[in-house]
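**Q** need a 3D model of the following:
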Amino acid sequence: MTESVMTWEQGDTWYRIVGDLDPSAAQVPLVVLHGGPGACHDYTIPIAELANRTGRAAVLYDQIGCGLSSHMPDQPADFWTVDLFKTELTELLKHLGIAGRYNLVGQSWGGMLGMDYAIDQPAGLNTLGVCDSPARMDLWVSEANRLRAELPPGVDETLQRHEDAGTTESPEYQDAMQVFYDKHVCRVVPNPDFVTRSFAKLAEDPTVYYTMNGPANSTASGHCARGISLTTCMASQFRHFSSAAGTTKRLPRSSAKSPSEFRITSGSSLRKAATCRTSRNPSVSPRCSTASSPPTTESCTFIPPRVHHLRGKRGANGPRN
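**A** The predicted structure is shown next:
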């Protein structure tokens, strides 16, 4: 295990390598993108350890603005953009010498970042795993509210009352939100240490989370809410989509059209395949629809705790490792 820091244009990014990182190894290295934004790497440690059991090297890192990386609480809101985190990921891949061949797995916001990154079709991206990530923020908000409405009597009412009053730091609100956490965030109670560490670090400096998501789970209002719809929809040429929930779809090359269609399924987290269409004309905005009914949120999503919350392109057609 190796830990170090990458210094780049915007600051320092801390990272950890689990296993022996060899760009030419038979097992393509895995880079893990944590959620939040701003939730730190700690709760994703089991993902890296699981990958390493198979002999695959894994990379964990704290995205800039959180954890052991540079904190910038005084930066203006427009500093914290999706492009900032995409640039950071690109620089890290180059720094580690694996930009030509790597796998990505992202959880929650990390999956959104991964999807947006994949749209650019980076040459070295081998596979993308998406865990518990919303394809559209409006659907995420509506589904989070649906789950809240199904909580025991009085819980959602308590949450809503304090959110309306701006008193989300009150113990009553925190206790009510814990009911939601225990049912839909982490069902291992009490939470494992690696989960509580991520929660604690996020609470220490929620700058990135507040800016990118906004202070409330049912009214996400930050950059993510305004800027991502299927993270601007999957480009037609990116014909491989790997979901940690279980399904990989490969579209034939003849399916590339304008506007183009990309169909994804991801196990239990999407009851129906979502169909997204994009136009190659940059003046035309992407639009998303579902094949039958909207996706539902059945799997756990990492939602920050006790902070105003909740909330490649491939070359040759060779084997994937």
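**Q** what is the burial count for the residue lying closest to Asp205 once chain neighbours are set aside?
**A** Nearest non-adjacent residue to Asp205, counting by CB to CB, 6 or more residues apart in numbering: His71, 5.5 Å away. All C-beta atoms are positioned from the backbone trio N, CA, C, and that covers glycine. Counted with other CB atoms under 10 Å, the neighbours of His71 add up to 18.
**Q** from Asp175, how far off is Ala149?
**A** To Asp175, Ala149 is 18 Å away according to CB to CB, to the nearest Å.
**Q** before we move on, the earlier item: any idea how far Asp120 is from the residue nearest to Asp205?
**A** Per CB to CB, His71 is found 27 Å from Asp120.
**Q** one more: Gly35?
**A** The spacing between Gly35 and Asp120, counted by CB to CB, is 21 Å.
**Q** who's more crowded, these two?
**A** The residue with more neighbours, out of Gly35 and Asp120, is Gly35; 28 against 14, by other CB under 10 Å.
**Q** mind telling me what element the more buried one is part of?
**A** For Gly35, there is no helix or strand it lies in under DSSP states H and E.
**Q** ditto for the one 10 residues further on
**A** Using DSSP H and E, Ile45 maps to helix 45-52.
**Q** and the contacts of that helix?
**A** Identification of contacts with helix 45-52 by CB atoms under 8 Å, 6 or more residues apart in numbering yields 16, 18-19, 30, 32, 57-60, 105, 107, 194.
**Q** same thing but 10 Å
**A** Contact with helix 45-52 is made by 1, 16-20, 27, 29-32, 34, 41, 56-60, 103, 105, 107, 129, 131, 192-195, 197-198, 244, as judged by CB atoms under 10 Å, 6 or more residues apart in numbering.
**Q** and the next element down the chain from that helix?
**A** strand 58-61.
**Q** spell out the secondary structure type for Tyr43.
**A** helix (DSSP: H, G, I helix; E, B strand; the rest coil).
**Q** count of residues packed around it?
**A** Count around Tyr43 with other CB under 10 Å applied: 25.
**Q** which residues touch it?
**A** Tyr43 sits next to 34-35, 107-108, 186, 191-199, 201-202, 302 when contact means CB under 10 Å, 6+ apart.
**Q** how about it, nearest residue that isn't a chain neighbour?
**A** Ser198 (4.1 Å).
**Q** wait, the one you found sits on Ala39?
**A** Yes - with contact defined as CB atoms under 10 Å, Ser198 and Ala39 form a contacting pair (5.0 Å).
**Q** show the pLDDT at the residue nearest to Asp205.
**A** pLDDT for His71: 98.
**Q** thinking again about what came up before, just give me the neighbour total for the residue nearest to Tyr43.
**A** For Ser198, using other CB under 10 Å, the count is 27.
**Q** buried only: go through the contacts of Tyr43 for me.
**A** 34-35, 107-108, 186, 191, 195, 197-199, 201-202, 302 (16 or more other CB atoms under 10 Å).
**Q** that older thread, which PyMOL command selects the buried ones in the contacts of helix 45-52?
**A** Per 16+ other CB under 10 Å, the buried members of the contacts of helix 45-52 correspond to this PyMOL selection:
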select buried, resi 16+17+18+19+29+30+31+32+34+41+56+57+58+59+60+103+105+107+129+131+195+197+198+244
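**Q** is it correct that Val105 falls within a strand?
**A** Yes - Val105 forms part of a strand when assessed by three-state DSSP.
**Q** for it, give me its contacts.
**A** Val105 is in contact with 30-33, 44, 47-48, 51, 58, 111, 114, 127-131, 242, 244, counting by CB under 10 Å, 6+ apart.
**Q** what mean pLDDT would you report for the helix or strand hosting Asn126?
**A** Asn126 belongs to strand 125-131 when assigned by DSSP H and E. Taken as a whole, strand 125-131 has a mean pLDDT of 96.
**Q** what does stretch 47-55 give?
**A** 95.
**Q** put the alpha carbons of that stretch into CSV.
**A** Written as CSV, here are the backbone C-alpha positions of stretch 47-55 (Å, rounded to 0.1, in the frame of the first residue of the first chain):
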residue,chain,number,x,y,z
ILE,A,47,-14.1,-1.6,-2.9
ALA,A,48,-10.4,-1.3,-3.3
GLU,A,49,-9.7,-4.2,-0.9
LEU,A,50,-12.1,-6.4,-2.8
ALA,A,51,-10.5,-5.6,-6.1
ASN,A,52,-7.1,-6.3,-4.8
ARG,A,53,-8.0,-9.8,-3.6
THR,A,54,-8.1,-10.7,-7.2
GLY,A,55,-4.7,-9.3,-7.9
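**Q** fine by me, thanks again.
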